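> Got a predicted structure here, sequence first:
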Amino acid sequence: MISLRGVSVVVPAARRGDADRVLLDDITLDLAERRIALIGANGSGKSTLLRLLNGLRTPTAGTVTVDGRDTTAKAAEVRARVGFVFTDPLAQLLMSTPVEDVELSLRARIRDRRERTLRAEELLAERGLLEVAHQSIYDLSGGERQLVALTSVLAVRPRIVVADEPTTLLDLRNRILLRRAFAELEQQLIVSTHDLDLAAEMDRVLVVDGGRIVADGDPGTVIDGYVSAMQALR
Ligand SMILES: Nc1ncnc2c1ncn2[C@@H]1O[C@H](COP(=O)(O)OP(=O)(O)OP(=O)(O)O)[C@@H](O)[C@H]1O
């Protein structure tokens with residue numbers, strides 16, 4: 001389970017005399033449900049919160065633990081447990097072809113090169129990506145790239161998958177394909193999204209606003225409340 005206790009993230013003011021910026025404000029949460037979505041306006045703090053969960057960012061105050069391991073003190077162990085999928089797959093695909101990228105993720109587990117390539121091809125084939133496995137990453141569609149990124153993250157066998165607005169750059173067809181891939185995951189999934197259809201498929205939804213959690217509960221109630229609050233804005 002992921003636990004946050006009294007977590008704040010504050011960045012110092014860029015100019016002398018300005019106030020420090022509070023990105024997250026004293027958050028205490030246990031994230032135990034299998035599928036959780038964070039929703040909320042641009043700049044509300046969703047990405048900052050997600051980045052805390054695998055130690056990409058450390059809290060200014062408070063603690064974040066993953067299965068009891070502190071994300072600051074046990075960063076390597078936490079990263080092995082929590083895979084992170086970025087909005088833009090090009091930000092995380094390190095190699096020039098899908099097969100090489102997945103092979104990189106498999107390096108710690110499979111020493112033999114030939115065996116590693118075969119396994120990488122097998123994993124890509126399971127996601128319908130065998131045809132593009134040896135193509136340049138730059139020649140893939142956005143949807144294919146996002147599925148390659150997910151395949152690479154899963155190849156490390158994380159226990160938890162965190163995804164930061166993974167469907168934002170995708171068209172409807174690819175959004176549906178990615179949602180299907182997420183639905184089949186056996187890992188715990190924590191996702192931030194503006195896609196309320198994706199959020200509606202989760203077990204729990206949290207609304208982030210101004211660095212705080214302002215609503216938390218079952219998707220139906222929380223999403224209805226969020227939509228009503230947005231419609232009431234003038
Ligand atoms: N290192 C930083 N220094 C200063 N401000 C930052 C830093 N990182 C993030 N911010 C600010 O913190 C706020 C929250 O950003 P965050 O990316 O967490 O929001 P978000 O909810 O994910 O937004 P979006 O939906 O647009 O992706 C933003 O106003 C952002 O500009």
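Good, I have the coordinates.

> Pull up the residues of the chain that are close to the ligand.
Within the chain, the residues that sit near the ligand (C-beta under 6 Å from any ligand atom) are 11, 21, 23, 40, 42-48, 165. (Glycine included, C-beta is placed from N, CA and C.)

> Now do the strands in the protein.
Per DSSP state E, the chain carries strands over the ranges 2-11, 21-31, 35-39, 61-66, 69-70, 82-85, 160-164, 188-192, 204-209, 212-217.

> State the mean pLDDT of the fourth one.
It stands for strand 61-66. Here strand 61-66 scores 96 as its mean pLDDT.

> Ranking helices and strands of this protein by mean pLDDT, which lands last?
Taking mean pLDDT, DSSP states H and E as the measure, the chain has helix 172-183 as its least confident helix or strand, at a mean of 85.

> Which other helices and strands does that helix contact?
Judged by 3 or more C-beta pairs under 8 Å, 6 or more residues apart in numbering; DSSP states H and E, the packing partners of helix 172-183 are helix 142-155, helix 196-200.

> Could I get the contacting residues of residue 27?
The contact partners of residue 27, by C-beta atoms under 8 Å, 6 or more residues apart in numbering, come to 4, 6-8, 49, 62, 211-213.

> beta partners for the residue nearest the centre of the chain?
In the chain, the residue lying closest to the centroid (C-alpha atoms, centre = their mean) is residue 163, at 1.6 Å. For residue 163, the beta-bridge partners are residue 85, residue 191 (DSSP bridges).

> Would you confirm that it contacts residue 188?
No. Using C-beta atoms under 8 Å, residue 163 is not in contact with residue 188, being 11.5 Å away.

> residues in contact with the closest residue to residue 208 other than its chain neighbours?
Leaving aside its sequence neighbours, residue 208 sits nearest to residue 40 (C-beta to C-beta, 6 or more residues apart in numbering; 3.8 Å). Contacts for residue 40 (C-beta under 8 Å, 6+ apart) come out as 46, 207-209.

> circling back to that earlier point, and the contacts of residue 27, which of them are buried?
The neighbour count (16 or more other C-beta atoms under 10 Å) marks 4, 7, 49, 62, 211, 213 as buried among these.

> Out of those residues, which is nearest to residue 128?
residue 49 (32.0 Å; C-beta to C-beta).

> Which residues are in contact with that closest one?
So residue 49 contacts 24, 27, 38, 192, 208 (C-beta under 8 Å, 6+ apart).

> What of residue 100?
residue 120.

> For it, give its distance to the ligand.
Distance of residue 100 to the ligand, given as C-beta to the nearest ligand atom, to the nearest Å: 29 Å.

> confidence score at that residue?
pLDDT at residue 100 comes out at 93.

> do the same with residue 87
87.

> On the pLDDT front, check the nearest residue in space to residue 32 that is not next to it in sequence for me.
Excluding its sequence neighbours, the residue lying closest to residue 32 (C-beta to C-beta, 6+ apart) is residue 1, at 4.8 Å. Residue-level confidence at residue 1 comes out at 91, pLDDT.

> isn't residue 1 right next to residue 30, touching?
Yes. Between residue 1 and residue 30 there is a contact under C-beta under 8 Å: 6.0 Å.

> returning to what we had before: could I get the residues of the chain next to the ligand as JSON lines with pLDDT?
Shown next, in JSON lines, are the residues of the chain next to the ligand (pLDDT from 0 to 100):
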{"residue": "11", "pLDDT": "92"}
{"residue": "21", "pLDDT": "90"}
{"residue": "23", "pLDDT": "94"}
{"residue": "40", "pLDDT": "93"}
{"residue": "42", "pLDDT": "89"}
{"residue": "43", "pLDDT": "90"}
{"residue": "44", "pLDDT": "92"}
{"residue": "45", "pLDDT": "94"}
{"residue": "46", "pLDDT": "94"}
{"residue": "47", "pLDDT": "94"}
{"residue": "48", "pLDDT": "95"}
{"residue": "165", "pLDDT": "91"}
